[in-house]
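A.B. asks: Based on what follows, work out the 3D shape:
(3 chains)
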Amino acid sequence: MFTYLVNRLIQSIGVLLVVALLSFVIFNYVGDPINNMVGQEATVEDREELRERLGLNDSVFVQFIRFIGNAMQGEFGISYQFQRSVSDLILERMPATLELVFISALFALVAGIGMGVYTGLRRDSWLSRFILTASLVGVSLPTFVIGILLIYIFSVTLDWLPSFGRGETTKVGSWDSGLLTLSGWTAIILPSITLGLFQLTIILRLVRAEMLEVLRTDFIKFARARGLSRRAVNFGHALKNTMVPVITIAGLQIGTLVAFSIITETVFQWPGMGLLFIQGVEFADVPIMGAYLLLAALVFVIINLIVDLMYAAVDPRLRVSAQRGKSTA
Amino acid sequence: MTDTRDKPLLDVRGMKVGLPTRRGHLPILNGVDLHVKAGEVLGVVGESGAGKSITGLAVIGLLEPPARIDGGDVWFDGRRIDSLSGDDLRKIRGAEIGVIFQDPLTSLNPLYTIGYQLVETIRTHLDMSAEDGEKRAVELLDEVGIPAAASRLRAYPHEFSGGMRQRVVIALALCANPRLIIADEPTTALDVSIQAQIIALLKRLCREHGTAVMLITHDMGVIAETADRVSVMYAGRVIEEGPVAEVVRNASHPYSRGLMGSIPVIGERIKRLPQIRGAMPRVGAVPKGCAFAPRCPLVRDLCRSERPAVMPGRATSAACWQYSPRWEEANPAEDVDA
Amino acid sequence: MSARLESVSRGRFLGVLYRGADSDLAYSFRRNPVVVAATVITLLFFLGATFAGWIAPHTPFDPSTLSLSDAEKPPAWVDGGEWAYVLGTDNQGRDIFSTLLYGSRISLIVGFSAVIFSIVLGVSLGVTAGYFGGWYEAIVMRAADVQLTLPSILVALMVDGVARAIFAGTDIKTNAEFAIYVLIFAIGISEWPQYARVVRSTTLVEKSKDYVAAARIIGIPAWRIMLRHVLPNTLGPVLVLGTIGLALAIITEATLSFLGVGIPPTQPSLGTMIRVGQEFLFSGQWWITLFPAVTLVLLVLSVNLLGDWLRDALNPKLR
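C.D. replies: Residues are numbered from 1 along each chain as shown, chains lettered A, B, ... in the order given. A predicted model of the protein is given here:
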C-alpha cells in the first residue's frame, strides 16, 4: 500500500511538472512578455534592462527552475489586464469558486447516488424509467443551456431566485463567504444546480450500472441464499461494492467541476476564478491563463490522490496487493 | 420426527421454468420431479445445460429475472414454499435450507471480513448477541477445519486459498443448522486434490448434523462416492431416479447407462471411455417426444412422437418407453438421420 | 476486476441466450422507435445544414437585406409576429429560422472536422504506439494520461486562448473563417487521447495474433499490416467513440462560442446565438435565445441517442 501511494505521488508530481512546463512555455513564449509589460515608448535599453532583471536572458533551464520556485510560492507575475498580482487576483476569487464547487459536488453526489441506487434496485418502476430518460436529456444539455433555462424559469418568469452574483458575503478571516447569509444561499442555488446537473447524471448512470452489475454477482446471490434481509443485501453488500468504481469516477467528475465552473460562472456572473480565467482568455492575459492551468492541474492531482486513499479504505484487496490500481494518472 | 422415511423433506413436483425473450418463451425446465428425504444425500447429475443448477435456484426462489417459474410446486417439510412471499421465503433460506455455490472465489463479498459475513448470517437467523455470534462463528470455522479459527475472523476472503474459502462457504451454509443443504457443484472450481477433502467434509458434517443434501454435479465419480440416491437430469427433466448403487451399476435409461459408462474405473484397462454420440438438444430446441430419442440406440417411432413419463424400470425408475407395455407394439424407427 | 470476470461464467448460460437474441444490429434498430426518431432528426439536421442556402427563407448574413425595423419580431404565432419570420427575428432583424439553419451548419462543420481531426490524430498515434511499443509508446501514452488529467473543455479553452495570444493584434476575433480553424484544432486536440487509448489496446491484441506475425515474416511492411489488418479491427469502438465524440464536440463548440471565445457573432453558430440572445431574455425576447438552445439540445440529444444505441448494439468493451 505504501509503495503504491508513493508511486502515485511520484506520478502526480510528474503530471504537475509537465503542466508546469506547458504553463512556463505559455508564459515565456506566447507573445512577448516585455511588450506586454512596458509601454510603446520604452527604449531598447529599457527593454534590455527589464529583460535582464526578469532573468529572461538566463538559460531556459534556469528560467524553468525559477518559474517552478515562484509558482510554489504562489508567484505568477502581473496580470496584463488588471495590472495586479495574479496570485492576489486568484486568491480573491477563490472562495467564490470553491464554495460553488463544494455545494454543486454535494448536490451531485447526494442526488446522483440516491437516484442511482433507486433506479438500480427498482429497475422497472415508472419513476426509474422517468429518471433514466431525464438523465439522458441531462447529458445532452450543455451546462450553459441549463443555466439559461433555470434563469428564464426561476428568475425571469417566477422571479424567485436571483440570476447573477453571490448575494451578500461575509468575511471570515481572509475567506469571503456567501454561505452565511440568506441572500448568499438563494444566490448559490441556481448556479450549483447548473454546475452539478451534468455530474449528477454521470454519477446516477454510473451508480445504476454498477448496482445492476453487482446485483448479478455470485456473492450477492450467495448473500440472498444466506437469507439476509433485503436491506442488508442491497445496502450492506451491493452498495458498498458499488462504491469502489463510483469513488474513482465521482472523484474525477468532482475535479472537472472546477473547470466547468468557468461556464457556470460566466452564465451567472459569479465572481470566481473561472470568470477571471475566461476574461484572461478573451484578452490574451497570459499570466492568468498559465496560473489557472497550473492551479486546475493541482486541484485535479490532489483529488486523484484523495480518490486513491479512499479506494484503499474501501477495498481491502488494495491494502495488500499494491499494483492493481487504475492505469490512469 | 416420526415417519420421516416416507414424507420427503423436499418435494419438487412438475417444476417448469421458462425464460421470456424477445423472440418468444424459452422453456428451460420442462417438469422436474424430485424429492429429498430427511438426512439423505440426493445426487442430481446431468450434463451442463440439463437444468440442474436452475432447479436448485428455483427451489429457493433465487432465479434471476427474467427467468421465472411457469408451473409446478415445491414442498418443504410439508409446507408449500414456492408460493411464499419474498420475505417468508427468505426466512427459510439460510435458516432451513443452506446453499453452497460452485465458485468459492466469488461467493464471498471481497470487502468484508469472513467474521463479519459469518456473524451477519448467524444473527439474521438466530437470536444472538454479537459476542455469542462471534463465538459460534469460531466454532463453525473450527468445525469446517480452518486452522486457528479465532484469529482468522478478521481476515478478508482474498487472504484464503480456494479450498479454504469453500470451507468458509460451507460454514456460512451451516450457520443456522439448516435441515437441507443445496450444494451446486461445490467442488468443480477447486483443485482435484482439494475436491476430495471438501466432499469428505461435507459428507461428515451432514451426517453429524443430520442434514440432508441435494448435491448438484456433473461429476459421476463424486455422486457414486457421496450420494444415497440419484436423480439424472436431461434437457430440463429428471429422466431417471433411484438408489445410487443401482443407477451406477444397473441404470434403466439408455442415457444414464451411457453416462455411467463414462466413469473411469481404476484398475480396469480400457483404451477409451465410451461416449454417447451426438449432443444434448439446446434449450428451445427439445424434440417433441423423448428428448433423448435423437441419440438413443434403441429409439422407436413411439419415442419420437410421445414423451414418456417416469415409470418403474429395472431397479430404478426411468422415463423410457422400453419399460411400458406399449413398447412391444412400437415399430422400430426408420433411422435415417444417423 | 478479475472477480467480475469469473462471476460471468455463472451467468454465461443466460448471457448466451441474450447475446443470441440481440446480435442482430438491424433488428435492434427497428425495435427501437427512439433510435429511429433520433436518426431521422439527425438526418434532417444534415439536410438542413447542407442545403441551408436553398431552404432558408432569408439570407441572414447579407447586411443589405437586413433592416432594423424588422428587429426583435416575435415568432409568427405570437402577437406582433409575421409568417415571413416563422421563429421571429433577432436584435439585428435577422430571421431566426434562417440563422438556425446556418448556425447548425457551422456547429456540424466544426463538430465533424474536430472529431475527424481527433480520430486521425488519436488513431494514428494509438496504432503506431501499440504496434511499435518502446519509448515511443511510453511517450504517447504518458502524454495522453497527462492530458486526460485535465477536462477537455479546459484544454480546448487553453489552446484557444494560446492561439488568441499568438495572433493577438491580428483579426482573429472578428474573422469567422479563421476562428473556425482555431476551434476545430482546439476541440480536436482536446479529444484525441480517448481514441489513442482504445486503438492502442486493440492494436496490442491484434499484434499478438498469429496472422500479424505471419505477415511480418513474409515481409509485408509495417504500415501495410497496420493499415490493412489492424485498423479495421478498431473500427467498431472508434465509430462508437466518434459518435459520442461528435455530440461532445458540438457541445464544446457551442460552449466556447457561448463563452465568447469561439465563433464571432457576424456568422453565428448556435452557441454564439445563445450568447447574443441571453441578454434579451430579461427584456422578454425569449425567442432569440430559446430557439437556438432547443435546436442545440435536439441535435446533441439525437446524436447522443445514436451513440448510446450503437454502443449497446456493437457492445465493444468500453463503458
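A.B. asks: now the spatially most central residue of chain C: how far from C:Leu44?
C.D. replies: Centre of chain C computed as the mean C-alpha position; nearest residue by Cα atoms, centre = their mean is C:Leu246, 1.7 Å away. Computed with Cβ to Cβ, to the nearest Å, the distance linking C:Leu246 and C:Leu44 is 16 Å. Placement of C-beta: from N, CA and C, glycine included.
A.B. asks: ditto for B:Glu306
C.D. replies: On the measure of Cβ to Cβ, B:Glu306 and C:Leu44 end up 59 Å apart.
A.B. asks: With B:Ser317 instead?
C.D. replies: Distance, B:Ser317 to C:Leu44, using Cβ to Cβ: 68 Å.
A.B. asks: wait, A:Trp270 sits on A:Glu99?
C.D. replies: No - the criterion here is Cβ atoms under 8 Å, and A:Trp270 misses it with A:Glu99 at 9.7 Å.
A.B. asks: Looking at these two, which is more packed in?
C.D. replies: A:Trp270 (28 against 23; other Cβ atoms under 10 Å in any protein chain shown).
A.B. asks: To which secondary structure element is the spatially closest residue to that one that is not a sequence neighbour assigned?
C.D. replies: Spatially, and ignoring its direct neighbours in sequence, A:Trp270 is nearest to A:Pro191 (5.6 Å; Cβ to Cβ, 6 or more residues apart in numbering or on different chains). Assessed by DSSP states H and E, A:Pro191 sits inside helix A:182-215.
A.B. asks: Could you identify the helix or strand that succeeds that helix?
C.D. replies: helix A:218-225.
A.B. asks: Any idea which helix or strand in the chain has the lowest mean pLDDT?
C.D. replies: With no chain named, the answer covers chain A. Lowest mean confidence among the helices and strands of chain A (mean pLDDT, DSSP states H and E): helix A:33-37, at a mean of 61.
A.B. asks: I was after chain B.
C.D. replies: Result, chain B / mean pLDDT, DSSP H and E: helix B:104-107, a mean of 80.
A.B. asks: In terms of pLDDT, where does the residue of the stretch 51-200 of chain C found nearest chain B sit?
C.D. replies: Nearest to chain B in the stretch 51-200 of chain C, going by Cβ to the nearest Cβ, is C:Arg197, at a distance of 27.1 Å. C:Arg197 is assigned 87 on the pLDDT scale.
A.B. asks: can you tell me which residues contact the residue in the stretch 1-150 of chain B positioned nearest to chain A?
C.D. replies: Nearest to chain A in the stretch 1-150 of chain B, going by Cβ to the nearest Cβ, is B:Gly94, at a distance of 2.6 Å. By Cβ atoms under 8 Å, 6 or more residues apart in numbering or on different chains, B:Gly94 lies in contact with A:225-228, B:121, B:124-125, B:175-176, B:178.
A.B. asks: Kindly recompute the last result at 6 Å.
C.D. replies: Neighbouring residues of B:Gly94 by Cβ atoms under 6 Å, 6 or more residues apart in numbering or on different chains: A:226-227, B:125, B:176.
A.B. asks: go on, C:Thr289?
C.D. replies: Going by Cβ under 6 Å, 6+ apart, the list of residues near C:Thr289 reads C:274, C:277-278, C:281.
A.B. asks: Does it lie in a helix or a strand, and which?
C.D. replies: Assigned by DSSP H and E, C:Thr289 falls within helix C:287-314.
A.B. asks: Show me the strands in chain A, by range?
C.D. replies: Applying DSSP state E to chain A gives strands spanning A:170-172, A:175-177.
A.B. asks: Name the strands paired with the first one and say parallel or antiparallel.
C.D. replies: Think strand A:170-172. strand A:175-177 (antiparallel) (DSSP bridges).
A.B. asks: burial of the closest residue to A:Phe277 other than its chain neighbours, as a residue count?
C.D. replies: Nearest residue to A:Phe277, sequence neighbours excluded (Cβ to Cβ, 6+ apart): A:Tyr292, at 4.4 Å. Neighbour count for A:Tyr292, taken as other Cβ under 10 Å: 29.
A.B. asks: From what I see, A:Tyr292 and A:Ile278 are in contact.
C.D. replies: No - the pair A:Tyr292 / A:Ile278 is not scored as a contact, 9.6 Å apart, by Cβ atoms under 6 Å.
A.B. asks: Chain A contacts on the stretch 101-250 of chain C?
C.D. replies: C:145-146, C:149, C:151, C:153-154, C:157-158, C:161-162, C:164-166, C:168 (Cβ under 6 Å from any Cβ of the partner chain).
A.B. asks: Show me just the buried residues among those.
C.D. replies: C:145-146, C:149, C:151, C:153-154, C:157-158, C:161-162, C:164-165, C:168 (16 or more other Cβ atoms under 10 Å in any protein chain shown).
A.B. asks: Now render those as CSV, adding secondary structure, distance to C:Val303 and pLDDT.
C.D. replies: As requested, those are arranged in CSV below (DSSP: H, G, I helix; E, B strand; the rest coil; distance: Cβ to Cβ, whole Å; pLDDT from 0 to 100):
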residue, secondary structure, distance to C:Val303, pLDDT
C:Asp145, helix, 28, 79
C:Val146, helix, 29, 77
C:Thr149, helix, 27, 71
C:Pro151, coil, 20, 76
C:Ile153, helix, 18, 81
C:Leu154, helix, 23, 81
C:Leu157, helix, 22, 82
C:Met158, helix, 25, 80
C:Gly161, helix, 27, 78
C:Val162, helix, 29, 78
C:Arg164, helix, 28, 72
C:Ala165, helix, 32, 72
C:Ala168, coil, 35, 62
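A.B. asks: Let me see the contact set for C:Ala186.
C.D. replies: C:156, C:159-160.
A.B. asks: and if we set it to 10 Å?
C.D. replies: C:Ala186 makes contact with C:110, C:114, C:152, C:155-163, C:252-253, C:256, C:261-262, according to Cβ atoms under 10 Å, 6 or more residues apart in numbering or on different chains.
A.B. asks: Would you check how far apart B:Thr211 and chain C are?
C.D. replies: From B:Thr211 across to chain C, the span is 24 Å (Cβ to the nearest Cβ, to the nearest Å).
A.B. asks: now C:Ala144, nearest residue through space, not along the chain?
C.D. replies: C:Pro193 (3.6 Å).
A.B. asks: my bad, C:Ala165
C.D. replies: Counting by Cβ to Cβ, 6+ apart, the residue nearest C:Ala165 is A:Ala284, at 3.9 Å.
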